[in-house]
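S.K.: Need the 3D shape of this:
(one chain, ligands or ions: 1)
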Amino acid sequence: MTIWLPNLADRPGPKYRLIVEAIGEGIANGSLTDRDRLPTQRDLAFRLGVSLNTVSRAYAEAVKRGFLRGEVGRGTYVRTGGPLPADEPAAHMTRPKDGPIDFSLNLPAAGQAQAALAAALGSLQATTALASYLDYQTDGDQVRHANAAAAWIGQLGLNVSSDDVVLTVGAQHGLMVAMLALMRPGDVLLTEPMSYAPVKAMARHLGLKLHPVAMDAGGLAPEALDAACRTTAAKTLYCLPTLHTPTTITMTADRRQEIAVVAQTHDLTVIEDDVFGFLLPDRPPPLAHFAPERTVFITGASKSLAPGLRVGYLHAPNQYRRSLRAAVNLTCWMPPPLMAEIASRWIEDGTAQRLNAFQRSEANARQAIARRTLQGHDLSADPFGFHLWLPLPPHWRADAFRVAAERRGVKVLTAETFAVDQAAAPQAIRLCLSHEATQERVAEGLAVIAALLQEPGDAGVLVV
Ligand SMILES: Cc1ncc(COP(=O)(O)O)c(C=O)c1O
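M.R.: Numbers count the residues shown, from 1 in each chain. So this is what the prediction gives:
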């Protein structure tokens with residue numbers, strides 16, 4: 001058995017606090033797991049060359065923060081559940097283990113974010129600068145967060161400077177901010193014919209006219225975009241080039257280049273939603289890479305880290321940044337600094353990458369279950385996506401299927417939810433696989449869907 005020994009070299013600060021931080025980091029990066037036993041206090045003091053008192057103080061502090069639990073006569077054990085009782089799920093990641101199976105919500109799998117949060121809160125307590133998270137922050141204060149955001153966006157394939165980053169309260173806020181800053185009532189917003197549903201509501205509230213642009217098997221069709229620009233004189237496009245919801249299509253690099261050329265020809269501003277981009281191990285560069293001078297690139301922590309963080313990152317060329325920042329100030333003054341700090345720490349210390357890798361592999365496993373269970377059906381899915389898209393056989397109308405599935409305890413959404421022109425919505429449903437508590441529940445829900453597909457549909461009498 002290897003003995004856990006923190007490396008405290010070159011770290012400033014009191015030794016006891018460094019030991020606590022090292023325990024928190026070990027939990028966050030997975031090198032310390034639940035039930036690992038730490039060395040005795042005397043042994044650790046000897047190995048680190050510090051006093052017994054220092055280690056005693058560190059262990060006591062780590063117990064207080066929920067990193068450790070002491071068992072009299074048995075030693076000191078790691079507790080990855082953090083400050084919550086071990087069997088209590090983190091509130092933001094609570095997923096029912098019984099009751100209806102919910103394939104309607106496109107959220108990440110509950111996983112290791114709780115332990116990461118416990119560790120981050122623990123190491124935050126050890127800093128002396130807590131008060132700075134309680135004040136309005138200056139642009140200067142936000143530089144660290146913008147640096148972390150730029151590093152994160154870099155991993156998504158876009159090399160950016162932190163000066164070009166605007167922090168938002170999640171990606172949805174980023175979308176609202178972009179529309180507020182760039183558009184005026186009566187303007188036309190081009191979008192895929194089916195799109196992220198809240199964009200439809202936002203456009204309605206802001207008095208924008210949504211205009212659908214046809215997609216083909218490769219995503220948004222360049223000729224259709226060109227025609228829409230000519231007929232509507234639109235100046236803004238909202239699109240989801242990577243793991244489009246609901247269809248799951250990811251545009252190739254060539255397709256992105258073609259869309260960028262059309263955007264340049266018509267002086268179109270592009271609002272690119274990239275909330276799912278982190279899932280693809282081999283993703284094409286963002287559309288913003290091909291049209292950097294006119295693209296507002298939006299991503300967030302909800303799918304990749306945890307939805308309750310409410311952290312979003314927006315990257316935009318200089319010409320838009322002033323009005324984007326003004327729209328952030330207008331709508332929320334600033335994102336909560338504490339939440340931005342947690343996301344920044346996760347990006348800096350590798351926790352974010354670890355949480356992403358977990359989402360990717362969990363999504364991959366759940367998609368494999370779907371491929372097996374729905375074999376022979378005409379579905380679209382990416383092996384690493386959260387959702388899949390299921391066009392229904394001719395004997396089923398989407399809404400009747402949704403009602404029938406719900407009666408059997410499985411919630412789904414139909415194409416109508418996403419369609420800009422609801423009358424043109426195809427008979428198809430979207431199934432989100434990541435939100436459910438376990439792979440077993442995913443398999444169970446998919447078996448219900450597979451069975452329903454075989455039934456006579458709303459043309460028959462078996463829908464009970
Ligand atoms: C396509 C898409 N864009 C944006 C968002 C908003 O994300 P956030 O929770 O970061 O506001 C979502 C969340 O469901 C989404 O599915």
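S.K.: measure residue 6 to residue 48 for me?
M.R.: Per CB to CB, to the nearest Å, residue 6 is found 7 Å from residue 48. (C-beta placed from N, C-alpha, C; glycine too.)
S.K.: Now the common contact residues for the two.
M.R.: Both residue 6 and residue 48 are contacted by residue 19, under the criterion CB atoms under 8 Å, 6 or more residues apart in numbering.
S.K.: who's in contact with residue 40?
M.R.: Each residue near residue 40 by CB under 8 Å, 6+ apart is listed here: 75, 76.
S.K.: Next, it: phi, psi?
M.R.: For residue 40, the backbone dihedrals are phi -60, psi 160 (criterion: degrees, to the nearest 10).
S.K.: How about the residues of the stretch 51-200 of the chain by the ligand?
M.R.: Within the stretch 51-200 of the chain, the positions lying close to the ligand (CB under 6 Å from any ligand atom) are 106, 170, 171, 172, 196.
S.K.: which residues sit in contact with the residue nearest to the first one when sequence neighbours are not counted?
M.R.: Spatial nearest neighbour of residue 106, excluding adjacent residues (CB to CB, 6 or more residues apart in numbering): residue 432 at 4.5 Å. Going by CB under 8 Å, 6+ apart, residue 432 touches 103, 104, 105, 106, 107, 386, 387.
S.K.: hmm, 7 Å instead?
M.R.: With CB atoms under 7 Å, 6 or more residues apart in numbering as the criterion, the residues that contact residue 432 are 103, 104, 105, 106, 386, 387.
S.K.: mind listing what the first one touches?
M.R.: By CB under 7 Å, 6+ apart, the contact set of residue 103 is 410, 411, 412, 431, 432, 433, 445.
S.K.: distance of it from residue 289?
M.R.: Counting by CB to CB, the gap between residue 103 and residue 289 amounts to 33 Å.
S.K.: Report the residue ranges of every domain in this protein.
M.R.: Each structural domain of the chain that the record assigns through automatic domain parsing is listed here as a residue range: 15-88+113-124, 143-333, 352-459.
S.K.: weakest of those in terms of mean pLDDT?
M.R.: Taking each of the domains of the chain in turn, the lowest mean pLDDT turns up on domain 15-88+113-124, with a mean of 79.
S.K.: Show the end-to-end separation of that one, please.
M.R.: 16 Å (CA to CA, to the nearest Å).
S.K.: for that domain, the distance to its chain's centre please.
M.R.: In this view, domain 15-88+113-124 has its centroid 29 Å away from the chain centroid, taken as CA atoms, centre = their mean, to the nearest Å.
S.K.: in the sheet, who's paired with the closest residue to residue 233 other than its chain neighbours?
M.R.: Nearest residue to residue 233 in three dimensions, chain neighbours excluded: residue 188, at 7.2 Å (CB to CB, 6+ apart). Listed by DSSP bridges, the beta-bridge partners for residue 188 are residue 209.
S.K.: residues in contact with residue 188?
M.R.: Contact partners of residue 188, counting by CB under 7 Å, 6+ apart, are 209, 211, 232, 234.
S.K.: now do residue 171
M.R.: Listed by CB under 7 Å, 6+ apart, the contact set of residue 171 reads 273, 275, 298, 299, 300, 302, 312.
S.K.: what helix or strand does the third one sit in?
M.R.: Okay, so that is residue 298. strand 295-300 (DSSP states H and E).
S.K.: Just the buried residues of that strand, please?
M.R.: Going by neighbour count (16 or more other CB atoms under 10 Å), the buried part of strand 295-300 is 295, 296, 297, 298, 299, 300.
S.K.: Filter these to keep only those in contact with the ligand.
M.R.: With respect to the ligand, and counting by CB under 6 Å from any ligand atom, the subset of these in contact is residue 300.
S.K.: what's the straight distance from one end of stretch 373-380 to the other?
M.R.: The stretch stretch 373-380 measures 14 Å between its terminal residues, going by CA to CA.
S.K.: Quick one: name the residues of the stretch 201-350 of the chain near the ligand.
M.R.: Within reach of the ligand by CB under 6 Å from any ligand atom, the stretch 201-350 of the chain has these residues: 240, 245, 273, 275, 300, 302, 307, 312.
S.K.: Next, residue 327: secondary structure please.
M.R.: Under the three-state scheme (DSSP: H, G, I helix; E, B strand; the rest coil), the conformation of residue 327 reads as helix.
S.K.: I'd assumed residue 181 was in contact with it.
M.R.: Yes - Residue 327 is in contact with residue 181 according to CB atoms under 7 Å; the separation is 4.2 Å.
S.K.: from what I can see residue 191 touches residue 209, true?
M.R.: No - with contact taken as CB under 7 Å, residue 191 and residue 209 are classed as non-touching, separated by 10.9 Å.
S.K.: Looking at the two now, which is surrounded by more residues?
M.R.: Set residue 191 next to residue 209 and count neighbours by other CB atoms under 10 Å: residue 191 wins out with 25 against 14.
S.K.: so what's the more buried one closest to, chain neighbours aside?
M.R.: In space, residue 191 is closest to residue 238, 4.7 Å off (CB to CB, 6+ apart).
S.K.: Ramachandran coordinates for that neighbour?
M.R.: Per-residue torsions, residue 238: phi -110, psi 130 (degrees, to the nearest 10).
S.K.: how close does it sit to residue 298?
M.R.: Applying CB to CB, the value for residue 238 to residue 298 is 9 Å.
S.K.: what is in contact with these two at once?
M.R.: Between them, residue 238 and residue 298 share these contacting residues under CB under 7 Å, 6+ apart: 271, 273.
S.K.: Sort out which residues of stretch 242-252 are buried, please.
M.R.: Under the neighbour-count criterion of 16+ other CB under 10 Å, stretch 242-252 has 242, 243, 244, 245, 246, 247, 248, 249, 250, 251 buried.
S.K.: likewise stretch 257-273?
M.R.: Quick answer for stretch 257-273 (16+ other CB under 10 Å): 257-260, 262-263, 266, 268-273.
S.K.: Which of those residues fall in helices?
M.R.: Secondary-structure check on the buried residues of stretch 257-273 using DSSP state H: residues within helices are 257, 258, 259, 260, 262, 263.
S.K.: Could you list which residues are in contact with the fifth one?
M.R.: Residues near residue 262 by CB under 7 Å, 6+ apart: 222, 225, 226, 229.
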